[in-house]
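>>> For reference, the sequence and a predicted model appear below.
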Amino acid sequence: MTTLSALQSWVDQVAAQTQPDAIHWCTGSNSEYQQMIDKMLADGTLTTLNPEKYPNCYLHRSDPSDVARVEHLTFVCTSEQDDAGPNNHWMAPAAGHQRIDELFDACMQGRTMYVIPYCMGPIDSPYSRCGVEITDSPYVVVNMKLMTRMGNDALQRIEKDGVFVKGQHSTGDLDPERRLIMHFPDELSIKSIGSGYGGNALLGKKCHALRIASFQARQEGWLAEHMLIAGLESPDGEIHYVACAFPSACGKTNLAMLIPPDSLPGWKVWTVGDDIAWLHLDETGQLRAINPESGYFGVVPGTNELTNKNANDMITHDAIFTNVAVTDDNSPWWEGKQDGAPATDWQGRAFDAANGKAAHPNSRFTVSAKNNAGYSTLADAPEGVPISAIVFGGRRKELAPLVYEAKSWEHGVLIGAGVASETTAANIGEVGVVRRDPMAMKPFCGYNFADYWSHWLSFSERSDKLPKVFHVNWFRQNSSGEFLWPGFGENLRVMQWIIERCEGRVGANETPVGYLPDPADIDTTDLDVSAENLAALTSIDKGQWQEEMRSVGEYLESFGERLPEVLRRQQQSIQAELDS
Ligand code: SAT
Ligand code: MN
């Protein structure tokens with residue numbers, strides 16, 4: 001129940017359409033969380049993991065056809081197709097509603113409907129925005145409890161604001177033929193049916209905090225980005241905050257929680273967020289970031305003491321695992337785990353290597369950020385954190401150097417627009433093919449990319465203090481497929497160079513594609529990287545880059561006349577320099 005009539009009448013209307021047996025308004029209390037867990041243990045939606053080794057940890061196995069986001073079933077319904085752009089699947093709003101409403105009719109019979117008020121961002125921040133998710137999935141409720149600020153406090157703020165994003169979700173019958181995720185940006189609403197997995201179902205995350213928020217951010221003059229936010233503290237106690245955009249499953253969570261190697265004593269990394277950043281200019285022109293989330297939905301495989309100690313520790317208690325394997329002693333298991341062996345695979349079958357991996361490659365943990373030993377004390381600050389550098393990255397075997405710096409904000413926008421990456425298991429589809437993923441927002445930008453780049457470019461008219469822009473690539477390989485750079489904690493050495501550049505303390509080599517580090521300026525103390533590999537990592541192959549810039553140019557032109565002229569000129573001048 002609520003005093004806000006717009007909310008009450010929407011809830012009544014959804015109930016009339018979906019016909020649940022009961023309606024439960026979520027308060028966000030711990031006892032409510034436990035009640036949901038118990039209900040799911042009773043009906044088999046969850047099982048308890050080893051309570052000595054993994055207290056309060058549970059396993060959920062999703063339907064085997066429902067294991068990742070489904071971009072081909074995700075639509076942005078603006079009245080004009082051009083406003084959604086070639087980067088989105090589009091349907092006219094009326095048609096979109098009609099298509100999905102048929103699936104919602106009476107879909108909650110025999111089920112409870114949960115109403116989840118949530119706040120994306122600190123409850124008292126002017127930068128935060130609220131939403132309400134209606135769902136028939138208690139799994140969604142517990143995940144939203146771990147990942148967002150949800151319940152009574154959020155409801156109070158919603159009643160005060162009077163505006164909220166409407167998210168209507170049902171798991172439906174989990175038939176992939178009757179699965180759809182629809183966004184109606186003009187109405188600030190989302191409808192999703194037929195999936196109980198991750199970004200398809202936890203509507204606060206990609207649907208609200210990226211697709212709808214990016215649209216809203218353009219109207220209101222801010223940015224909603226697929227970026228981690230981390231505070232890098234140097235041995236003298238100075239903290240620089242960076243916002244980094246990499247495609248899904250390219251190591252954002254690992255970088256956000258990085259543990260410095262022993263050879264870099266005195267450094268600390270503080271996590272503000274691992275997936276999404278909302279960026280605003282303050283009254284002085286400083287770009288500031290908040291993390292709209294307050295928990296993590298991270299990729300499990302590969303997590304261990306060495307790759308991500310904080311994550312490894314934080315998932316030993318009060319965590320929900322989805323689609324991992326289980327050992328003989330009922331502990332969760334995944335590829336890359338350093339102890340134990342899988343007895344059952346992610347589908348609950350006796351493990352047999354002939355069936356593939358034990359844990360699903362997109363298996364996930366859900367935990368509250370409070371579990372993270374490196375959680376920044378400023379993550380709840382209403383004013384957010386000041387951003388010193390924006391870093392783009394992709395998964396590229398070839399071409400992209402370890403790190404390079406944009407020559408200007410406009411050049412930085414071009415670098416972001418040209419981000420490309422090999423696809424991962426986070427989306428249904430082929431893994432390992434290179435595709436353009438501008439600003440790592442290809443699946444998440446709620447409007448035409450051309451308009452989105454114009455919006456990015458407009459920031460330089462509003463501030464003369466914008467952060468520097470960089471591009472990194474941890475994934476370069478040699479011809480035998482070996483990685484040239486060790487990655488993980490060692491990536492801090494690259495971040496160190498980035499900070500030095502921001503502070504104007506180190507020089508760089510100018511190339512047509514940007515400023516590259518002098519190999520001597522990357523701290524390689526105790527690092528096992530050959531001089532030859534380091535040289536390859538800090539130089540460009542002119543022929544490959546000519547090819548790349550041509551391909552970036554073609555990609556940009558595919559956006560037609562909405563493409564900002566400034567971006568076209570950036571691309572053309574780099575191309576000309578490479579060709580001369
Ligand atoms: O399933 S999610 O969209 O939440 C995860 C991801 O793709 O990053
Ligand atoms: Mn993500």
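Alright, I've got the coordinates. Computed from a prediction, not measured in an experiment: that's the story for all the values here. Ligands and ions are numbered 1, 2, ... in the order given.

>>> What pLDDT is listed against the residue of the stretch 351-500 of the chain found nearest ligand 2?
Going by Cβ to the ion, ligand 2 is nearest to A426 of the stretch 351-500 of the chain, at 7.0 Å. Placement of C-beta: from N, CA and C, glycine included. Listed pLDDT for A426 reads 81.

>>> Could you tell me which residues make contact with S263?
The neighbours of S263, taking Cβ atoms under 8 Å, 6 or more residues apart in numbering as the test, are 525-527.

>>> ok, now with 6 Å
Listed by Cβ atoms under 6 Å, 6 or more residues apart in numbering, the contact set of S263 reads 525-526.

>>> S189 too?
Contacts of S189 (Cβ under 6 Å, 6+ apart): K166.

>>> What are the phi and psi values at it?
Phi and psi for S189, reported as degrees, to the nearest 10, are phi -140, psi 160.

>>> how close does the residue of the stretch 351-500 of the chain closest to ligand 2 get to Y241?
Distance, A426 to Y241, by Cβ to Cβ, to the nearest Å: 25 Å.

>>> any idea where the helices of the stretch 351-500 of the chain begin and end?
For the stretch 351-500 of the chain, the helices defined by DSSP state H, counting those that start in this stretch occupy 409-417, 449-462, 492-502.

>>> can you put those helices in TSV and add distance to R211?
Below are those laid out as TSV (distance: least, Cβ to Cβ, whole Å):
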stretch	distance to R211
helix 409-417	18
helix 449-462	12
helix 492-502	29
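
>>> Deepest in the core, which of those helices is it.
Across the helices of the stretch 351-500 of the chain, averaging neighbours per residue (mean count of other Cβ atoms under 10 Å) puts helix 409-417 on top, at a mean of 23.

>>> pLDDT score for the residue lying closest to the residue of the stretch 351-500 of the chain closest to ligand 2 once chain neighbours are set aside?
Using Cβ to Cβ, 6 or more residues apart in numbering and skipping residues adjacent in sequence, the residue nearest A426 is S248, 3.5 Å away. Confidence at S248, expressed as pLDDT, is 84.

>>> wait, which of the helices of the stretch 351-500 of the chain is closest to A373?
Judged by Cβ to Cβ, the one of those that comes nearest to A373 is helix 492-502, at 16.8 Å.

>>> For the closest one, which helices and strands make contact with it?
On a contact count with 3 or more Cβ pairs under 6 Å, 6 or more residues apart in numbering; DSSP states H and E, helix 492-502 meets strand 385-393, strand 468-472.

>>> cutoff 7 Å now
Other elements packing on helix 492-502 under the criterion 3 or more Cβ pairs under 7 Å, 6 or more residues apart in numbering; DSSP states H and E are strand 239-245, strand 385-393, strand 403-405, strand 468-472.

>>> Contacts for it, please.
Outside of helix 492-502, the residues within contact range by Cβ atoms under 7 Å, 6 or more residues apart in numbering are 232, 240, 242, 258, 260, 264, 267, 388-389, 391, 402-403, 405, 468, 470, 472, 506, 508, 517, 521-523.

>>> Y555 versus E293, what's the distance?
With Cβ to Cβ as the criterion, E293 and Y555 are 30 Å apart.

>>> Compare the two (neighbour count), which wins?
The neighbour comparison of E293 against Y555 (other Cβ atoms under 10 Å) goes to E293, with 25 against 17.

>>> List the residues that contact the more buried one.
Listed by Cβ under 7 Å, 6+ apart, the contact set of E293 reads 147-148, 205, 209, 273, 275-276.

>>> And for T424?
If you count contacts by Cβ under 7 Å, 6+ apart, T424 has them with 247-250, 431.

>>> Mind putting the residues you listed into JSON lines with distance to ligand 1 and secondary structure?
Shown next, in JSON lines, are these (distance: Cβ to the nearest ligand atom, whole Å; DSSP: H, G, I helix; E, B strand; the rest coil):
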{"residue": "P247", "distance to ligand 1": "8", "secondary structure": "coil"}
{"residue": "S248", "distance to ligand 1": "3", "secondary structure": "coil"}
{"residue": "A249", "distance to ligand 1": "7", "secondary structure": "coil"}
{"residue": "C250", "distance to ligand 1": "9", "secondary structure": "coil"}
{"residue": "V431", "distance to ligand 1": "13", "secondary structure": "coil"}
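
>>> picking that back up, and A426 and Y241? Which one has more around it.
Neighbour count, other Cβ under 10 Å: between A426 and Y241, Y241 has more, with 23 against 20.

>>> Just list the residues touching the closest residue to the more buried one other than its chain neighbours, thanks.
Among residues not flanking Y241 along the chain, V385 sits closest, at 4.3 Å (Cβ to Cβ, 6+ apart). V385 sits next to 229, 231, 241, 272, 288-289, 378 when contact means Cβ under 7 Å, 6+ apart.

>>> Just list the residues touching M439, thanks.
Shown in contact with M439 (Cβ under 7 Å, 6+ apart): 225, 245, 392, 416, 419.

>>> what's the distance between it and P86?
Separation of M439 from P86 (Cβ to Cβ): 16 Å.

>>> ok, now D541?
The gap separating D541 from P86 is 30 Å, by Cβ to Cβ.

>>> returning to that earlier point: of all the helices of the stretch 351-500 of the chain, which one is nearest R69?
Closest approach to R69 among the helices of the stretch 351-500 of the chain (Cβ to Cβ): helix 449-462, 18.4 Å.
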